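S.K.: I would like the atomic coordinates for the input below:
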Amino acid sequence: MASAELVPISDSQLKRATTTVVPVSQETPSFIIDSKNKSYKHQYSNIYFLRLLALRDSVIQAASKRWDNLPGSPTFVSRVLEVEPSQLCYIVGTVYMDMPLKPNVMEDIAQDHSIPAPPPPPYYYSAEDQVMLEDESGRIELVGERLKTEKLVTGLIIGALGMETTDGKFEVADICYAGLAPQPQAVITQESEDQMEVDSPNTEDLPTDEWIGVVSGLQIGEASSTDGQIQLLVEYLTGEGGGLDDQLSAARISRLIIVGDSLAPMIITGKGDADAEGDIKKSRKFGYDGTTFSTHPTESLSGVLLDIGQVMPIHLLPGATDPSGTILPQQPLPRAMFGAISSFPSFSCETNPTYLSLSSNSSPTPRVFLLHSGQPVNDMFKYLPSPPHTRLSIVESSLKWRHIAPTAPDTLWCHPYSTADPFLIKETPDLYIVGGQKKFMTKMVEDDGKDDGIQKRCRLLLVPEFYRTGIFVLVNIRTLRVKTVMFRGEGMSGGMSDYLDTEEASDTELKNLAEPESSIPHSSNTSILL
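M.R.: Numbers count the residues shown, from 1 in each chain. Below you'll find the predicted structure:
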């Protein structure tokens with residue numbers, strides 16, 4: 001009888017790639033609101049004043065380099081109300097968009113509440129919009145064809161070149177922003193080519209490179225459940241699913257970042273059952289009504305986090321649908337609500353937005369991440385027609401504006417800061433990640449360093465909702481290259497190849513959701529089928 005041959009087993013074991021969290025720069029603010037600052041007695045106008053004070057000099061410097069040598073020798077006028085008619089000049093101030101469709105809190109308070117209010121419009125822009133520029137002296141209206149091609153939202157600090165018309169308006173010929181903020185870890189253009197090659201877009205991925213996994217919009221508890229796709233994601237990250245290539249790829253993922261919307265919005269299931277005498281029977285346990293509230297979504301999320309947290313660190317940001325308040329910055333979700341994973345030191349509940357700095361063996365300098373769950377971008381998108389503007393172009397512009405959320409506090413709720421505006425971008429990050437988006441997009445923003453002799457590079461990454469698309473994003477720490485993994489299966493709601501965002505469909509129809517708008521190619525897309 002022939003004996004069966006034993007299958008050879010390799011002695012080598014896969015080792016999980018590691019990255020280390022290092023302290024962020026002092027220029028990157030903390031979004032934690034402690035008990036000393038948790039006050040709502042301050043006026044929101046303080047934020048606009050602090051924003052203008054912080055960015056005015058940078059905008060003036062950029063405007064001077066751009067316009068001082070133009071024919072006509074335009075001069076800088078320090079106050080918007082001191083411009084003179086027919087004199088070419090430039091001014092600096094805060095943009096205010098006077099838009100009839102924009103929500104108005106005073107009208108909401110004064111309106112008759114006897115009938116339900118109409119639903120808010122999906123966009124704020126209309127043909128009746130007016131653009132204002134204001135500073136400490138007052139406000140002047142901006143006009144001109146140049147405004148139609150610019151991305152302008154309330155709260156921007158800009159420089160405007162032009163002249164005053166006979167009717168007291170300011171006709172704009174050109175607009176200038178502060179530009180990309182300094183980047184301490186950037187490459188100096190005079191350095192050797194060997195040093196510049198570290199971040200070259202042509203650098204190939206190495207087997208030893210560390211990757212960061214990013215996902216957004218799990219929406220656990222959604223009516224159209226994505227439990228199957230989430231389970232595929234868990235098995236992929238833990239190395240329990242897929243083939244050898246998938247396990248090799250998963251082993252290089254050093255940590256997971258969840259960028260908001262992990263839980264679906266809470267749905268009230270009922271108001272309890274009435275007994276024969278008309279009294280409402282309410283089953284209360286741990287302080288909540290079991291007939292109208294279910295802990296199942298939170299328990300399911302806790303189980304997912306525990307499975308993944310046993311093999312890699314996790315950073316969890318709250319989002320618009322998560323129970324962490326509605327004003328920005330959202331505070332960290334309570335660790336205690338996640339059960340066993342809360343005892344893991346590698347599990348971190350972060351603010352939204354947040355800065356994160358990671359050190360790795362493959363990258364010579366720590367990589368700085370700027371993360372938020374998408375509310376600022378979604379709000380700014382309502383100000384601008386699409387096409388030609390897209391969410392990706394808005395994120396790119398926010399880097400040049402040096403501000404994460406300029407529409408706060410006008411149409412985006414935020415904390416009434418009185419001493420500083422934490423949403424300012426004082427240092428250009430290496431990676432700018434935005435969650436809660438309709439589709440995947442990425443782009444490398446670069447500054448050639450002509451002004452200050454320093455090259456700046458920032459990878460923009462828009463992470464789509466997982467429950468709709470099934471897309472999981474991976475970022476190479478060393479090269480900042482991006483690749484995607486799609487989890488889908490028959491009968492699953494997410495990961496549909498024909499899914500298309502109707503808001504931006506006319507911009508560019510993506511044959512594949514993972515196709516980026518980028519000058520730097522990302523790795524090919526991978527699909528994991530059930």
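
S.K.: Please count neighbours and contacts with C-alpha atoms only from this point.
M.R.: OK.

S.K.: give me the element Leu133 is part of.
M.R.: Assigned by DSSP states H and E, Leu133 belongs to strand 130-134.

S.K.: Touching that strand from outside, list them.
M.R.: 80, 92-99, 139-143 (Cα atoms under 8 Å, 6 or more residues apart in numbering).

S.K.: go again using 6 Å as the cut-off
M.R.: Residues from elsewhere that reach strand 130-134 (Cα atoms under 6 Å, 6 or more residues apart in numbering): 93-98, 139-142.

S.K.: Kindly report the same for stretch 139-157.
M.R.: 93-97, 131-133, 169-172, 406-407.

S.K.: Show the buried residues in those.
M.R.: Neighbour counting with 16 or more other Cα atoms under 10 Å marks 93-97, 131-133, 169-172, 406-407 as buried within these.

S.K.: returning to that earlier point: make a markdown table out of the contacts of stretch 139-157 and add distance to Asp307 and secondary structure.
M.R.: Output for the contacts of stretch 139-157, formatted as a markdown table (distance: Cα to Cα, whole Å; DSSP: H, G, I helix; E, B strand; the rest coil):
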| residue | distance to Asp307 | secondary structure |
| --- | --- | --- |
| Gly93 | 51 | strand |
| Thr94 | 48 | strand |
| Val95 | 48 | strand |
| Tyr96 | 48 | strand |
| Met97 | 47 | strand |
| Val131 | 51 | strand |
| Met132 | 52 | strand |
| Leu133 | 52 | strand |
| Lys169 | 61 | coil |
| Phe170 | 60 | strand |
| Glu171 | 60 | strand |
| Val172 | 57 | strand |
| Pro406 | 38 | coil |
| Thr407 | 38 | coil |
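
S.K.: What average pLDDT does the strand holding Leu133 get?
M.R.: Strand 130-134 shows a mean pLDDT of 96.

S.K.: what pairs with it, and is each one parallel or antiparallel?
M.R.: strand 89-98 (antiparallel), strand 139-143 (antiparallel) (DSSP bridges).

S.K.: And those strands: which comes nearest Leu424?
M.R.: strand 89-98 (14.0 Å; Cα to Cα).

S.K.: Show residues contacting the closest one.
M.R.: 74-77, 129-135, 154-162.

S.K.: Which ChimeraX command selects the buried ones in those residues?
M.R.: Of the contacts of strand 89-98, the buried ones can be selected in ChimeraX as follows, counting by 16+ other Cα under 10 Å:
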select :74,76,131,132,133,134,135,154,155,156,157,158,159,160,161,162
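
S.K.: neighbours around Gly319, how many?
M.R.: 29 (other Cα atoms under 10 Å).

S.K.: Gly144 too?
M.R.: Neighbour tally, Gly144, other Cα under 10 Å: 13.

S.K.: which residues does the residue nearest to Thr354 when sequence neighbours are not counted contact?
M.R.: Closest residue to Thr354 apart from its sequence neighbours, by Cα to Cα, 6 or more residues apart in numbering: Leu371 at 5.4 Å. Going by Cα under 6 Å, 6+ apart, Leu371 touches 353-354, 433.

S.K.: Lovely, talk soon.
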